[in-house]
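>>> this is a predicted model, with the sequence first.
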Amino acid sequence: MDLRSEVSSMGRSAVSKLPTDKFVERKFKIAEPSIQRYECALSRNILLQGQMILTENNICFYSKFNDKTLFGKSTRVRVPYIAITSLKKTRGALALPNSITITCMITNENNAEEEITHEWTSYMNRDACWQLIQTMINTAHLTQNISASPSSALLSPF
């Protein structure tokens, strides 16, 4: 059984028992285990080659490059699964089917809701990544709905 299957079958509580990813903790300031890593590129003004790291609650992307000066400053993107409003398989450069586009709602520095779209491309196995992200989004929404419910309703046998 591969890691993606285990995540689907074991649920969020078992994922929480995995060790914290020190790289994610250092670069993104969140203490979460990583579920899977994918080499890919973030499409901005140029393609920023890096690594997508799927954690318990977030999609994290890290590249040593940036789209303004290329070198000198890294690029970091963190998208909580719960903020994702759209997940699509798309076609990247040369119409190759190897991209994923994610749209999310974030709160900007003015406390206003803002829609942001990120496109990642150059996956070796886009479909496996898309499926795992979809599973993590569904799990995040299910967890949020359960935690929003009164605890007595969860314990009721009827």
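That came through, no problem.
>>> identify the single longest helix in the protein, thanks.
helix 126-148 (DSSP state H).
>>> can you tell me the SS state at A31?
coil (DSSP: H, G, I helix; E, B strand; the rest coil).
>>> model confidence over the longest helix of the chain, on average?
Computed over helix 126-148, the mean pLDDT rounds to 87.
>>> give the buried residues for the host helix or strand of T103.
T103 is part of strand 99-107 when elements are defined by DSSP states H and E. Burial within strand 99-107, assessed by neighbour count using 16 or more other C-beta atoms under 10 Å, is assigned to 99-104. C-beta here means a position set from N, CA and C on the backbone, and glycine is covered the same way.
>>> and what of stretch 87-103?
87, 92, 98-103.
>>> pick out the most distant pair among those residues.
Pairwise distances across those (C-beta to C-beta) peak at 18.6 Å, for the pair N98 and T103.
>>> quick one on the thing from earlier: for the longest helix of the chain, C-alpha coordinates in CSV please.
The C-alpha trace of helix 126-148 is given here as CSV (Å, rounded to 0.1, in the frame of the first residue of the first chain):
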residue,chain,number,x,y,z
ARG,A,126,0.0,15.1,-12.3
ASP,A,127,-2.9,12.8,-11.8
ALA,A,128,-1.5,11.2,-8.6
CYS,A,129,-0.8,14.6,-7.1
TRP,A,130,-4.3,15.9,-8.1
GLN,A,131,-6.0,12.9,-6.5
LEU,A,132,-4.1,13.3,-3.3
ILE,A,133,-4.9,17.0,-3.1
GLN,A,134,-8.5,16.2,-3.8
THR,A,135,-8.5,13.7,-0.9
MET,A,136,-6.9,16.2,1.5
ILE,A,137,-9.4,18.9,0.5
ASN,A,138,-12.3,16.5,1.1
THR,A,139,-10.8,15.4,4.5
ALA,A,140,-10.3,19.1,5.5
HIS,A,141,-13.9,20.0,4.7
LEU,A,142,-15.2,16.9,6.4
THR,A,143,-13.1,17.7,9.5
GLN,A,144,-14.3,21.3,9.6
ASN,A,145,-18.0,20.2,9.3
ILE,A,146,-17.6,17.6,12.1
SER,A,147,-15.8,20.1,14.4
ALA,A,148,-18.6,22.7,13.7
